[in-house]
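**Q** my questions concern the predicted model and sequence given below.
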Amino acid sequence: MARQALGKGLDALLKSTQEVVDPAAFAVPGGSDGAIVEKIALTKIIPNRYQPRRIFDEEKLQELAASIKEHGLTQPIVVVYDAGLDKYEIVVGERRFRASQLAGLTEIEAIVHKALSNQQMCALALIENIQREDLNPIETALGYRNLMSQFEISQTDLAKYCGKSKAAVSNALRLLELPEHMQEALQDGTISEGHGRALLMLPDASKREILFSRMKKTKMSVRQAEDAARALVAPAAQKLPKPPEVVSFEQDLQAALGTKVEVRYGRKMSKGVLIIQYHTLEELDNLASRLKTKLL
């Protein structure tokens, strides 16, 4: 089955995102789909099924609710009308919706779209949260992975459209390689994203658990965690440096493929293993296509 091309579809979507994230710039009425501003009963509004945020800070919601009581809602939420359910699904602004409920409001001002695709719903919810830096590291990583799956795009393209470096996207996605209890610690703020990256420095699961336990007990800084990870991995790393030609080969291949490449070999270099890393099935597909292009 043919893949959906990135092309103008996502580009056009992301341009329209600027209108949604910044309602002051939103064309109302007369937007591309006739979006208008309406006051809608809170009972008619449902959450975004693609909302990347999993945790809503109750204290901050109460603070926002108090502000809404005092000053009103200063920025409308963005919704799309679902005729089948006769409901308005939130695209952007779930925090404001929840806080309005806590504030005792019965209706809320919203920018109403006639229709948005599932991909648009997913993209807009993720990008709005990323721009506000409202997501914890795991929520961000899951949002990236979901968006890559929805659009079937590479990390490079995703980074471009989200305004992030490819390394930032790649590092975020790698956090999903951690076991569930470590991901939960990232979600509740017990450890930071930097601590998570330090844990990923240890391929050995038992050593990773040792470092994770130390992090929780001593509240070590990210720098201390990185130093501790290096100390734990050092005994296995005591080996001769790779010859310059091997290092050069790895660097050239990494530049060509856009991902980490490693050559492993024994005492004799006549046999070994070439390791090409990937983090998603989409990235694997892209790597396979590049290799086929170069070989054929």
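**A** Structure received. Numbering: from 1, shown residues only.
**Q** which residue packs closest to residue 216, ignoring adjacent ones?
**A** The spatial neighbour of residue 216 that comes closest, neighbours along the chain excluded (C-beta to C-beta, 6 or more residues apart in numbering), is residue 190 at 6.4 Å. Where you see a C-beta, it was placed from the backbone N, CA and C, and this is true even at glycine.
**Q** I meant to write residue 200 there.
**A** Nearest one to residue 200, counting by C-beta to C-beta, 6+ apart, is residue 174 at 5.7 Å.
**Q** which ones are touching that neighbour?
**A** 197, 200, 279 (C-beta atoms under 8 Å, 6 or more residues apart in numbering).
**Q** and if you look at residue 260?
**A** Under the contact definition (C-beta under 8 Å, 6+ apart), the residues listed for residue 260 are 254, 276-277.
**Q** flag every buried residue along stretch 85-92.
**A** By neighbour count, and taking 16 or more other C-beta atoms under 10 Å as the criterion, the buried residues in stretch 85-92 are 88-92.
**Q** and which of those residues is nearest to residue 285?
**A** For the buried residues of stretch 85-92, the minimum distance to residue 285 (C-beta to C-beta) is 29.2 Å, reached by residue 91.
**Q** wait, the closest one sits on residue 97?
**A** No - applying C-beta atoms under 8 Å as the test, residue 91 and residue 97 come out as separate, 10.9 Å apart.
**Q** overlap in contacts of those two?
**A** Going by C-beta under 8 Å, 6+ apart, residues that sit against residue 91 and also against residue 97 are residue 77.
**Q** and residue 202, that's in a helix?
**A** No - under the criterion used here (DSSP: H, G, I helix; E, B strand; the rest coil), residue 202 is coil, not part of a helix.
**Q** may I have stretch 38-57 as CSV, with CA atoms only?
**A** The C-alpha coordinates for stretch 38-57 follow below in CSV (Å, rounded to 0.1, in the frame of the first residue of the first chain):
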residue,chain,number,x,y,z
GLU,A,38,-18.9,30.8,19.8
LYS,A,39,-19.8,30.5,23.4
ILE,A,40,-20.4,26.8,24.1
ALA,A,41,-21.9,25.0,27.2
LEU,A,42,-19.1,23.0,29.0
THR,A,43,-21.4,20.0,29.0
LYS,A,44,-21.2,19.9,25.2
ILE,A,45,-17.4,19.7,25.1
ILE,A,46,-15.3,16.5,25.2
PRO,A,47,-11.5,16.1,25.6
ASN,A,48,-9.2,15.6,22.6
ARG,A,49,-8.7,11.9,22.0
TYR,A,50,-5.2,12.6,20.8
GLN,A,51,-4.2,14.8,23.8
PRO,A,52,-0.5,13.9,24.5
ARG,A,53,-0.7,15.2,28.1
ARG,A,54,-1.4,12.4,30.5
ILE,A,55,-0.9,14.3,33.8
PHE,A,56,-2.6,17.6,34.8
ASP,A,57,-1.2,19.3,37.8
